[in-house]
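# Just need the structure, nothing else, for what follows:
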Amino acid sequence: MNGATTSAQAEDQACYVYGVVPDAAPKPADAAPGVGNPPSPVTLIHHGEVAALVSEIDPEAPLGSPDDLRAHAEVLDTAAKRGPVLPFRFGGVVRDAQAVTDELLDPFEERFAAALEDLDGRAQFAVRGAYRQGRILQEILADRPEIADLNARTKALPEEAGRYERIRLGEMVAQEMAARSAADSRALLERLAPLAVATSDGAPAADLAVDASFLVDPGRREEFEAAVEELAGVWAGRIDLRLLGPLAPYDFVTGLIERTVEAS
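Model (predicted):
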């Protein structure tokens, strides 16, 4: 996909952009096909110190299938295992290869190069955990007598007669679980944040107790992974903890680029 395209090609094909890597980055692995059906090979468009990860797509074909979303993530995560990458959001389509150079790489080359240098060697890890529902409900009933009493009363009532009490019980349990999730999230950050360059956390999804991302230096990766394993042991039987990564730094790319702008 290097070089200019003909007018006929431009009408039939567009460029899907996954992200930006250093100019010296290796050719994308064939094991990570691009988006689209059928997917086109992922290639590099080089410009100065950086290169864009792209593949050809039919501009008229719909995007957004589960396969497309997985392909987008797999291309970027594969690249992240081989070196620094600045991932773009899903759905980035540019007219053609020349437009990738003219509208993306050329105007932002210095910012991209500086952010990639700042990222070199670092990787994102996501730590997510889900409550064991039976265990956490036992904790709540043991710690909150008023909830335990209401739970016992609703069990003794007929289905229709206890409708209001069951709604109230559900609300009280949900509030208590949210409070415990907030406390467990703080404990997670207190243990892991000192081992990372940066952290990103927000309200966990409804099915998760904790969910945070960490940007980790290579020299602290073993220590970080050991700390996650230690925490998983402490929470065993209560929270099922998972470590995902190394991943493309989805949660940190905006901050990296903004810092390079502020420093310029």
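# Return the residues in contact with residue 212.
Going by C-beta atoms under 8 Å, 6 or more residues apart in numbering, residue 212 touches 126, 127, 185, 188, 189, 192, 199, 200, 201. Where C-beta positions appear, they are placed from N, C-alpha and C, glycine not excepted.
# Phi, psi for the closest residue to it other than its chain neighbours please.
Nearest non-adjacent residue to residue 212, counting by C-beta to C-beta, 6 or more residues apart in numbering: residue 201, 3.9 Å away. Dihedral pair for residue 201: phi -140, psi 150, per degrees, to the nearest 10.
# re earlier: possible to save the contacts of residue 212 as JSON lines with distance to residue 115?
Output for these, formatted as JSON lines (distance: C-beta to C-beta, whole Å):
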{"residue": "126", "distance to residue 115": "20"}
{"residue": "127", "distance to residue 115": "24"}
{"residue": "185", "distance to residue 115": "28"}
{"residue": "188", "distance to residue 115": "27"}
{"residue": "189", "distance to residue 115": "24"}
{"residue": "192", "distance to residue 115": "23"}
{"residue": "199", "distance to residue 115": "18"}
{"residue": "200", "distance to residue 115": "16"}
{"residue": "201", "distance to residue 115": "21"}
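# Turn these into CSV, columns for pLDDT.
Listed next are the contacts of residue 212 as CSV, based on pLDDT from 0 to 100:
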residue, pLDDT
126, 95
127, 97
185, 95
188, 97
189, 97
192, 97
199, 94
200, 91
201, 86
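# now for the helix or strand hosting residue 167, which elements pack on it?
Using DSSP states H and E, residue 167 sits within helix 163-192. In this structure, helix 163-192 makes packing contacts with strand 123-131, helix 133-143, helix 145-156, strand 198-201, strand 210-216, helix 221-234, judged by 3 or more C-beta pairs under 8 Å, 6 or more residues apart in numbering; DSSP states H and E.
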